[in-house]
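Turn this into a structure:
(chains A and B)
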Number of protein chains: 2
Amino acid sequence: MIQTRIIPRTPSAYDPPLIIKMLFNQVTKYNPQREIVYRDLFRMNYTTFDKRVRQLANVLTEIGVKGGDTVAVMDWDSHRYLECFFAIPCLGAVLHTINVRLSPAQILYTMNHADDKVVIVHEDFVPIIEAIKDQLTTVEKFIIVSDKVYQDPNAPLVETSFRLEGEYESLLSNASDQYDFSDFDENSLATTFYTTGTTGNPKGVYFSHRQLVMHTFCLLAYFPGYRALPLDHRDVYMPITPLFHVHGWGFPYLATMLNFKQVYPGRYEPEMLLRLLLKEKVTFSHCVPTILNMLVNSPVAKQVDLSKWSVLIGGSALTKGLAKAALELGINVTQGYGMSETAPIMSVVHMTDEQLQLSIDEQLPFRTKAGKIAPFVELDIIDDDGNSLPHDGDAVGELVARGPWMSQGYYKDAEASEKLWAGGWLHTGDVAAIGTDYYVTIADRVKDVIKTGGEWVSSLDIENLLSQVEGVAESAVIGFPDPRWGERPHAILVIKPDYQGKLTPEGIKAGLQARVDSGEINKWYVPDNIKFVPEIPKTSVGKIDKKRIRVEMKELILGH
Amino acid sequence: MIQTRIIPRTPSAYDPPLIIKMLFNQVTKYNPQREIVYRDLFRMNYTTFDKRVRQLANVLTEIGVKGGDTVAVMDWDSHRYLECFFAIPCLGAVLHTINVRLSPAQILYTMNHADDKVVIVHEDFVPIIEAIKDQLTTVEKFIIVSDKVYQDPNAPLVETSFRLEGEYESLLSNASDQYDFSDFDENSLATTFYTTGTTGNPKGVYFSHRQLVMHTFCLLAYFPGYRALPLDHRDVYMPITPLFHVHGWGFPYLATMLNFKQVYPGRYEPEMLLRLLLKEKVTFSHCVPTILNMLVNSPVAKQVDLSKWSVLIGGSALTKGLAKAALELGINVTQGYGMSETAPIMSVVHMTDEQLQLSIDEQLPFRTKAGKIAPFVELDIIDDDGNSLPHDGDAVGELVARGPWMSQGYYKDAEASEKLWAGGWLHTGDVAAIGTDYYVTIADRVKDVIKTGGEWVSSLDIENLLSQVEGVAESAVIGFPDPRWGERPHAILVIKPDYQGKLTPEGIKAGLQARVDSGEINKWYVPDNIKFVPEIPKTSVGKIDKKRIRVEMKELILGH
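Residues are numbered from 1 along each chain as shown, chains lettered A, B, ... in the order given. Model prediction:
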């Protein structure tokens, strides 16, 4: 360790901690007249937002929330959720964003594991609470949330068998809008949420105030450096990533701090999303490929102008087929790369001025990369023995990460935490190459790479090929054991409605084989089996669930 | 203090400190092909810059520089200085940026006070070192810098009576370009420099790594939020604020991290600056009003296109007269506010889209404000008893500041440090109002306010009036005691060459009196005396030196 001189401090001098309050202090500074919109139900400007966050802080304080307590939220993406993003951590309490798409048993597990004390629950999720309430070990109080009150303040609420502290809007309206948030240690826990791994119980991921502030600075650093996220103060932001999923990828903290106009859509119904997007003039969103696919294939998409809309894709690989379909609708689509444990940003595609001049087809390889390593993030690739591999664009190894917002472990799980950080780097579980230009190319999940005849074949590469077959809406490729080759790729496809009956698995396979014969692609890219399915299994956050495919669809795919 | 839960850390997990290395790690990430230019003598891209910083680190390590040592620099603004901005702090050493405009005795004082161990000195400043070298108590080694070597590597260097470790460029070229910078405590001292106050010795201002990183994030936060600093990745940056003055206002750290093209002009000669600006297509600079005034009044300025150039003014008040002259040349001029002790940014003007549509005259009041409170900065105004005054745009009090990059004191001066931080806020020594829109209006320096007939009159307001009189190049207004009114304002003016003999003090005074009679301005805005002078005394960083005016020009102004 280098010996340095630590700066002398004057006893009276003040040095502020890096806490969410520092971001919240900006909310009326720049463009306080901008709006935060919840569907067609509620809208307010930032002056009101500032007051409502303080009202919520008073409500929570009055019912007994103290620093270190966990307050859980089960809500659709809304202005209320955004208020919780600020009020709860600013009290020194811990925000638990419950994944409402988990099974009731898993939700129960996460609520007990996270030590939830107070729960803010939307009417729609009351049945879940009713089912598990007798097994909740730490929860003491509930606040209920309703959408009906925006149309009729006297609308009756759903009946509950458990005691309520009150309804969110009426509690706020009775609370003072004065609240001075205190300072505390920047390494205090701010948020927690759960990831569902391949085995065992969900794992608790957690972030400190300092980590969330630093992640916000990372997003900030994209703007002036290059044409990455095409955002400026005139943009209108609508997340289409659930707020329970890694804080909506961290963008709500940025958008709020910078006083962007924000639109929260509640649930994800394609037509409603498109209508809202056009009505509020949304210019920037982010989502998983599944959602973009759903929107691009909606009949409404073809009838409206989407040329002002930029979309950042993450969570799963953006295929060239989907990117092309979006670009042809005028959507400025690019990809980023991250995961729950990395808060999430690790890399984002930056289109250069020159690349933006290319044709759509020529832009596809750039837009569908995993992206350029994010500001302040370090990425490396390592071999099986943990040795660093060259960043030459060719060498492929497990991708590992370091940076100011990387998870420091899993809550109450020392073993999984040490495994995550083996060798002092966070293991992503992905296999990748890194170029001299700092661009990351994800080959596959470590678990999904297909080892066939001595070759390591990326299931993502084959999905990319299939995505470009006309009429294919979605695809998933997985490896199954093969006595001769070790493993062989197999594919399931969802066919677009217009192409039902016009495509056959044999025809698609023959098409790929013809590309092999012409020397265009390698022979191991042709799946053994191709099966058409009505739907591809997804995880609770919309990623293709290859674990379920392997187990549930084995017989369908292999025929035995 | 609120009790929170501190985030649990896994033993193997890595959490990076906020040190300059974090910024340096970005220098080849985005646009490494961009250039760093030193006049017409030297240019390199960021890949070379990255290597040269590591070479400099090896050179310094080999001559014995260790963490905690102070390395002083006496150079013109150059690529070398920028290399020192990174290499020295990244070694855990402290960069002392010597103010070369101080007197040799003051330079000597600062070098001994700062514990300088190694000095990197330009040939031009060797005479200063020769004059003081026997009194230097801590300096052990010298490296010499020369501009001649860029034209002739074998050019003979100036003779010195003290021993040299070598010449900068040849030392670098013999050093390895591999150097892995270590981590250390983010609260380590990174830089120091000296301010000259009204009395006593220069005071040592110092900043930690964390403070400089946070200040860089502040500058970052301007970009996407609003049209403040009109910078993006295509901009070309040329500082015209000495790098010894608060790290060139912190912009070099930002510009380097984001891989902007950068141009370092060496010394400030108007024609050379304008030529360089045009040749390298500079789009953004910052400087004190004196420099802008000099450029605007250069004969060359009228012959060239300056409409792509944005200039941020700080250090002293931007008068409406100067702003108008610059705008009429097409220069996008705005103002910011800061001081050495605040690293320096406290506020910057943000022109709104609507304001940019106004006429030049209508834009003047907006562009010449002190600016909107910077991201993450807190400002307050207080009365004589330390009570906070309303932020209503009317109440005027002493401006005090807090934030993540405020000086924590003066080096080895506990008394001045406690005075700076009296009451837990940093005292700026300025009198100001703060609006509900977070806009700061500086009335005056606390010491320069003129108390006349029960009114507090801002000397800056009168200077602003005088700046708009046709033919007036510069003005300074100060108060002198008056038996009847307590104090009265007096002015000295510099007249533009074309207007010599055409203007008289009596004429200017009569012009102001006419505006009083028509009710346009208050009667206390008319100075008792107006004197024409060839030059207005300035401090070493180009600010109007009212202390010297009071002492040296009293007789001239008052006639006794």
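
show me where the stretch 401-550 of chain A has strands.
All strands of the stretch 401-550 of chain A, identified by DSSP state E, counting those that start in this stretch, fall at A:426-434, A:439-445, A:450-452, A:455-457, A:472-482, A:486-495, A:529-532.

can I get those in CSV with distance to chain B?
The C-beta positions use only the backbone N, C-alpha and C, and glycine is treated the same way. Shown next, in CSV, are the strands of the stretch 401-550 of chain A (distance: least, Cβ to the nearest Cβ, whole Å):
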stretch, distance to chain B
strand A:426-434, 8
strand A:439-445, 11
strand A:450-452, 29
strand A:455-457, 28
strand A:472-482, 31
strand A:486-495, 32
strand A:529-532, 41
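
Between those, which one is closest to A:Y38.
strand A:472-482 (30.2 Å; Cβ to Cβ).

That closest one packs against which elements?
In terms of contacts (3 or more Cβ pairs under 8 Å, 6 or more residues apart in numbering or on different chains; DSSP states H and E), strand A:472-482 is packed against helix A:289-296, strand A:450-452, helix A:459-467, strand A:486-495, helix A:546-552, helix A:554-558.

residue of the stretch 251-400 of chain A with the smallest distance to chain B?
The nearest approach of the stretch 251-400 of chain A to chain B comes at A:L258, 4.5 Å away (Cβ to the nearest Cβ).

ok, that residue - how many residues close by?
Residues within reach of A:L258, counting by other Cβ atoms under 10 Å in any protein chain shown, total 29.

There's contact between it and A:V27 in this structure, I believe.
No. With contact defined as Cβ atoms under 8 Å, A:L258 does not reach A:V27; the gap is 9.4 Å.

Buried residues in the helix or strand bottoming out on mean pLDDT in chain A, which are they?
Across the helices and strands of chain A, mean confidence by mean pLDDT, DSSP states H and E is lowest for strand A:455-457: a mean of 80. Neighbour-count burial for strand A:455-457 flags A:V457 (criterion: 16 or more other Cβ atoms under 10 Å in any protein chain shown).

other SSEs contacting it?
Judged by 3+ Cβ pairs under 8 Å, 6+ apart, the packing partners of strand A:455-457 are strand A:450-452.

which stretches of the stretch 151-300 of chain A have low pLDDT?
A:197-199, A:223-230 (pLDDT under 70).

try it again with 80
A:197-200, A:222-233 (pLDDT under 80).

Dihedrals phi and psi, whichever residue of it sits closest to chain B?
At 3.5 Å from chain B, A:S188 is the closest residue in the stretch 151-300 of chain A, using Cβ to the nearest Cβ. Backbone geometry at A:S188, expressed as degrees, to the nearest 10, gives phi -70, psi 140.

Select, out of the helices and strands packed on strand A:472-482, the one closest to B:R548.
When the helices and strands packed on strand A:472-482 are compared by Cβ to Cβ, helix A:289-296 sits nearest B:R548, at 66.2 Å.

Mind checking what helix or strand follows that closest one in sequence?
The helix or strand immediately downstream of helix A:289-296 is strand A:310-313, counting by DSSP states H and E.

Quick check: can you name the pairing partners of that following strand and their directions?
Here strand A:310-313 has these sheet partners by DSSP bridges: strand A:284-287 (parallel), strand A:332-338 (parallel).

Export only the CA atoms of it, formatted as CSV.
Extracted C-alpha coordinates of strand A:310-313, given in CSV (Å, rounded to 0.1, in the frame of the first residue of the first chain):
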residue,chain,number,x,y,z
SER,A,310,-34.6,5.6,-28.9
VAL,A,311,-34.5,2.2,-27.2
LEU,A,312,-31.6,0.7,-25.2
ILE,A,313,-31.9,-3.1,-25.1
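
mind checking how far it is from the chain centre?
Strand A:310-313 sits 12 Å away from the centroid of its parent chain (Cα atoms, centre = their mean, to the nearest Å).

if I pick A:T452, what's in contact with it?
A:479, A:482, A:485-489, A:524 (Cβ atoms under 8 Å, 6 or more residues apart in numbering or on different chains).

Please disregard the earlier target; I meant A:R101.
A:R101 makes contact with A:242, A:540-541, according to Cβ under 8 Å, 6+ apart.

try A:L426
Residues in contact with A:L426 (Cβ under 8 Å, 6+ apart) are A:341-342, A:400-402, A:406-407, A:420, B:13-14.

I'd like the residues you listed laid out as TSV, including pLDDT and distance to A:A131.
Output for these, formatted as TSV (pLDDT from 0 to 100; distance: Cβ to Cβ, whole Å):
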residue	pLDDT	distance to A:A131
A:E341	96	30
A:T342	97	33
A:V400	98	40
A:A401	98	38
A:R402	97	41
A:M406	97	35
A:S407	96	30
A:L420	96	32
B:A13	96	36
B:Y14	96	41
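
Now do the SS call for the closest residue to the residue of the stretch 151-300 of chain A closest to chain B other than its chain neighbours.
Nearest residue to A:S188, sequence neighbours excluded (Cβ to Cβ, 6 or more residues apart in numbering or on different chains): B:T4, at 3.5 Å. Secondary structure assignment for B:T4 (DSSP: H, G, I helix; E, B strand; the rest coil): coil.

quick one, helices of the stretch 1-150 of chain A?
Under the criterion DSSP state H, counting those that start in this stretch, the stretch 1-150 of chain A contains helices at A:20-24, A:46-62, A:79-90, A:104-113, A:126-132.

Just the CA atoms of the shortest one, as CSV, please.
So the one you mean is helix A:20-24. Taking C-alpha atoms only, helix A:20-24 is exported to CSV below (Å, rounded to 0.1, in the frame of the first residue of the first chain):
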residue,chain,number,x,y,z
ILE,A,20,-29.3,9.4,-2.5
LYS,A,21,-30.2,12.7,-0.8
MET,A,22,-27.4,14.3,-3.0
LEU,A,23,-29.4,13.3,-6.1
PHE,A,24,-32.7,14.2,-4.5
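
That helix - what's its average pLDDT?
Average pLDDT, helix A:20-24: 98.
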